[in-house]
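S.K.: need a structure here:
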Amino acid sequence: MKKALIVGGSNGIGLAIAKKLIERGYYIEILDKVSPEADSGLSDTTYRYQACDLTQMNPELFMTLSQDPDINFLMITAGFGRVTNFENLSLTEIENMLMVNTLAGIKTISIFYDRLRRDPAFYCGMMGSIAGLISSPMFSVYAASKAAICRFIESVNIELEVNGSANRILNVSPGSIKGTRFNGGPNDFSQTEQLAEDIVSHIFARDELFIPDYDTVFKGVLERYYSDPHAFGISSYEYKLKSGRVKN
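M.R.: Sure thing, here's the model as predicted:
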């Protein structure tokens, strides 16, 4: 039986990826703070849920799963952020954001790293963010947490390459994803289905970076950022102020 582990698989893009993998014959191991809802569209015969709060990560749970030879697909989607000025973030929120978005993912890769290095085909992806590739005022700690993930993936992929492994970690760095609870709305598979299919396809291709809507949106965004990071940051700040997403 082919199995996939999805950290953060109960909601949003993680749930959509789970559905796409089930279509490909996978059984899904889901680790998440909450269980999939009754209307998630998952059948009890296609997945197992285990409670996991990444602010208090239990390494033994991950180690046990890493020893399951049937698991050959790992996707880490868990993460959270808040659009607000840095001064409004408490010390606990800062710590939890870095733990969930950054440290837990890096620790998970560490636990599964022997599988990445040695298994002939072990497929892996992590959610970065376009915010991790540019300056993002009023999203500062979230951006920092994702910038760390982006540099981590880039660096580890080089190590995998020079050590002779064909496996890679896919850095998925989107902008805002519609149809997820990250943006305060309900799960909407009709809006996340195509992105989930694209992510799965890129992981199976062992690609290293996938920026959704790159040609139509983010190529220009990155060019503006690299052309004048300060002007870009000021523009980004003003855009967020007008967006209605700022939370104090």
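S.K.: what ranges do the helices span in the protein?
M.R.: Assigned by DSSP state H, the helices in the chain fall at 12-23, 59-66, 91-98, 104-118, 140-162, 189-204, 219-227, 229-243.
S.K.: what's the third one packed up against?
M.R.: The elements that helix 91-98 packs onto, with contact taken as 3 or more Cβ pairs under 8 Å, 6 or more residues apart in numbering; DSSP states H and E, are helix 140-162. Yep, even glycine has a C-beta here, placed from its N, CA and C like the rest.
S.K.: What's the per-residue pLDDT of the closest residue in space to residue 30 that isn't next to it in sequence here?
M.R.: Once flanking residues are discounted, residue 30 sits nearest to residue 9: 3.8 Å by Cβ to Cβ, 6 or more residues apart in numbering. On pLDDT, residue 9 comes in at 94.
S.K.: Make sure residue 9 is actually in contact with residue 32.
M.R.: Yes - taking contacts as Cβ atoms under 8 Å, residue 9 lies within contact range of residue 32: 5.8 Å.
S.K.: If you count surrounding residues, which of the two has more?
M.R.: Between residue 9 and residue 32, counted using other Cβ atoms under 10 Å, the more crowded position is residue 9 (30 against 22).
S.K.: which residues does residue 112 contact?
M.R.: The contact partners of residue 112, taken as Cβ atoms under 8 Å, 6 or more residues apart in numbering, are 62, 66, 74, 122, 124.
S.K.: Go through the residues you listed and name the one nearest residue 115.
M.R.: Distance to residue 115, by Cβ to Cβ, is smallest for residue 122 among the contacts of residue 112, at 4.8 Å.
S.K.: contacting residues around the closest one?
M.R.: Shown in contact with residue 122 (Cβ under 8 Å, 6+ apart): 72, 73, 74, 112, 115, 116, 167.
S.K.: among those, who's most crowded?
M.R.: Counting by other Cβ under 10 Å, top hit in the contacts of residue 122: residue 74 with 26 neighbours.
S.K.: what's across from that one in the sheet?
M.R.: residue 5, residue 124 (DSSP bridges).
S.K.: wait, it sits on residue 111?
M.R.: No - taking contacts as Cβ under 8 Å, residue 74 lies outside contact range of residue 111: 9.8 Å.
S.K.: circling back: and the two most separated of the contacts of residue 112?
M.R.: Those two in these that are separated most widely, counting by Cβ to Cβ, are 62 and 122, at 14.8 Å.
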